[in-house]
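sequence-free structure coming up:
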């Protein structure tokens, strides 16, 4: 189905009903919902501000003016004008970022993983999953990646429906795409289709061993062509050889990397390659929903056994990565059906099981994640001039990341989506 046909299906059969269900404006008129924060002044105060760069500012608040952060300042210095939101005992953070989700994955009417569902049904689930993540405090997600992600992204950006900022690969490339010439041609097509980044499978799934599947020549060609288009490259690479090839090719980020060794981690750090380990949620979600996946594709008994051992190895590798000087570790969950909205569980696991300091986890899911998306000057930090993506949680996440499960306020690009 073409992108135009998908957009038509969304508009005719999906969005009016969704608008009514969400109470988002006049579905019959096609008018977008009211934008709460497009103009004027809003002042958000709480016990503390975590600005996304590692700083914890006690007794501060944030001023939003005309669609931008105007100030982060002590409460005594904040203006008296504007709409005020005060959360005693809470903490203000940048909107959270998940750099690896699968927006449209969902369970079907039979409760099992849906494959081959109609585009409008799949798109509806994608919108629902986006809303779940937004309400959980994730104002930006990167979806890797279905063609349907594009129309969903565009509908949200038009203000037609609420949702997080979405960046998408609009598809994925692998050995089945072909050799270097075919990979280059496919990247050209994805660039024209509106992809924000390129997703490349350079290794097998961990369920079948995670071995390399693309040559150095192929990755050199693919990541080089993506750079020509100004596009980042996200490379699925579980083992040392596939990750090393991708890093040497100048690809942007290694996804998963559960089986990496110290030599490869050192190479990523030296080359400035981002590392996006998915240490816990992806495994926990599969095990919790085992009966809903088992028997579909490579979700076999053997595959689940491989994931059991892979989960242990992934956390061991994560601990090695934390000790690797200069390695830029970003936050991604690989959220699939069943996991959307539970993204913060990955953050808690990184702290409690991996030993990463809470503030460092938050930096990895805010300013550093934004940098990996090429948006480091726009989102992920609470500072003057940045887009007003911010959340308020109950408690102090610098002491316990469990606070991330108690989201009381969500503002995305100046628009209030949730306020208690």
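Sure thing, it's come through. It should be emphasised that the depicted structure is a prediction, and the values quoted were computed from it without experimental measurement.

Counting neighbours, show which residues of the helix ranked longest in the chain come out buried.
Longest helix in the chain, counting residues (DSSP state H): helix 301-322. Neighbour-count burial for helix 301-322, counted by 16 or more other Cβ atoms under 10 Å, picks out 303-304, 306-307, 310-311, 314-315, 317-318, 321-322. (Glycine included, C-beta is placed from N, CA and C.)

residues contacting the residue nearest the centre of the chain?
Nearest to the mean C-alpha position of the chain, by Cα atoms, centre = their mean, lies residue 98 at 2.4 Å. The contact partners of residue 98, by Cβ atoms under 8 Å, 6 or more residues apart in numbering, come to 133, 138, 140-142, 331-333, 335, 343, 365, 369.

7 Å - rerun?
Residues touching residue 98, when contacts are defined by Cβ atoms under 7 Å, 6 or more residues apart in numbering, comprise 133, 138, 141, 331-333, 335, 343.

Quickly find the element holding it.
Element membership of residue 98 [criterion: DSSP states H and E] is strand 96-101.

Could you find the closest non-adjacent residue to residue 368?
residue 330 (5.5 Å; Cβ to Cβ, 6 or more residues apart in numbering).

Got the phi and psi for the one you found?
With angles defined as degrees, to the nearest 10, residue 330 sits at phi -110, psi 170.

ditto for the one 3 residues further on
For residue 333, the backbone dihedrals are phi -110, psi -20 (criterion: degrees, to the nearest 10).

Can you report how many residues lie near it?
Using other Cβ atoms under 10 Å, the number of residues around residue 333 comes to 30.

Correct me if wrong: it contacts residue 346.
Yes: in this structure residue 333 lies within contact range of residue 346 using Cβ atoms under 7 Å: 4.5 Å.

and the longest strand belonging to the chain, what does it pack onto?
Assignment by DSSP state E gives strand 83-94 as the longest strand of the chain. Identification of packing neighbours for strand 83-94 by 3 or more Cβ pairs under 7 Å, 6 or more residues apart in numbering; DSSP states H and E yields strand 41-50, strand 390-394, strand 407-412.

Enumerate every residue touching residue 48.
So residue 48 contacts 56-58, 60, 91, 396 (Cβ under 7 Å, 6+ apart).

That one and residue 341: what is the separation?
Per Cβ to Cβ, to the nearest Å, residue 48 is found 25 Å from residue 341.

What does the pLDDT read for residue 5?
pLDDT, residue 5: 44.

actually residue 21, sorry about that
40.

ok, which stretches of this structure are helices?
Applying DSSP H to the chain gives helices spanning 3-9, 15-22, 119-135, 149-157, 180-193, 216-228, 240-248, 262-271, 281-288, 290-293, 301-322, 344-352, 358-364, 367-372.

Just put those helices in JSON lines and tack on distance to residue 76.
As requested, the helices of the chain are arranged in JSON lines below (distance: least, Cβ to Cβ, whole Å):
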{"stretch": "helix 3-9", "distance to residue 76": "50"}
{"stretch": "helix 15-22", "distance to residue 76": "39"}
{"stretch": "helix 119-135", "distance to residue 76": "32"}
{"stretch": "helix 149-157", "distance to residue 76": "37"}
{"stretch": "helix 180-193", "distance to residue 76": "50"}
{"stretch": "helix 216-228", "distance to residue 76": "48"}
{"stretch": "helix 240-248", "distance to residue 76": "48"}
{"stretch": "helix 262-271", "distance to residue 76": "42"}
{"stretch": "helix 281-288", "distance to residue 76": "40"}
{"stretch": "helix 290-293", "distance to residue 76": "53"}
{"stretch": "helix 301-322", "distance to residue 76": "38"}
{"stretch": "helix 344-352", "distance to residue 76": "32"}
{"stretch": "helix 358-364", "distance to residue 76": "25"}
{"stretch": "helix 367-372", "distance to residue 76": "26"}
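
Tell me which of those helices lies nearest to residue 69.
Shortest distance between residue 69 and the helices of the chain, using Cβ to Cβ, is found for helix 367-372: 13.4 Å.

backbone phi and psi for residue 260, please?
According to degrees, to the nearest 10, residue 260 has phi -70, psi 150.

Tell me who's in contact with the closest residue to residue 378 other than its chain neighbours.
Spatial nearest neighbour of residue 378, excluding adjacent residues (Cβ to Cβ, 6+ apart): residue 387 at 5.4 Å. Applying Cβ under 7 Å, 6+ apart, we find residue 387 in contact with 68, 378-379, 413.

quick revisit: mind giving me a markdown table with the buried residues of helix 301-322 and columns for pLDDT and distance to residue 208?
Shown next, in a markdown table, are the buried residues of helix 301-322 (pLDDT from 0 to 100; distance: Cβ to Cβ, whole Å):
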| residue | pLDDT | distance to residue 208 |
| --- | --- | --- |
| 303 | 90 | 7 |
| 304 | 93 | 12 |
| 306 | 89 | 7 |
| 307 | 90 | 11 |
| 310 | 88 | 11 |
| 311 | 93 | 16 |
| 314 | 94 | 16 |
| 315 | 97 | 21 |
| 317 | 97 | 18 |
| 318 | 98 | 22 |
| 321 | 98 | 23 |
| 322 | 98 | 28 |
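
which of these lies closest to residue 256?
Of all those, residue 256 sits closest to residue 314, with 7.8 Å by Cβ to Cβ.

Roughly how far does the closest residue to that closest one other than its chain neighbours sit from residue 313?
Nearest residue to residue 314, sequence neighbours excluded (Cβ to Cβ, 6+ apart): residue 258, at 3.9 Å. Separation of residue 258 from residue 313 (Cβ to Cβ): 6 Å.

same thing with residue 269?
In terms of Cβ to Cβ, residue 269 sits 20 Å off from residue 313.

what do you get for residue 151?
38 Å.

now swap in residue 199 and tell me
From residue 199 to residue 313 the distance is 23 Å (Cβ to Cβ).

tell me the contacts of residue 322?
354-356.

For these, which single residue is the most surrounded?
Within the contacts of residue 322, most neighbours by other Cβ under 10 Å means residue 356, with 23 neighbours.

nearest spatial neighbour of that one, skipping sequence neighbours?
Nearest one to residue 356, counting by Cβ to Cβ, 6+ apart, is residue 350 at 4.7 Å.
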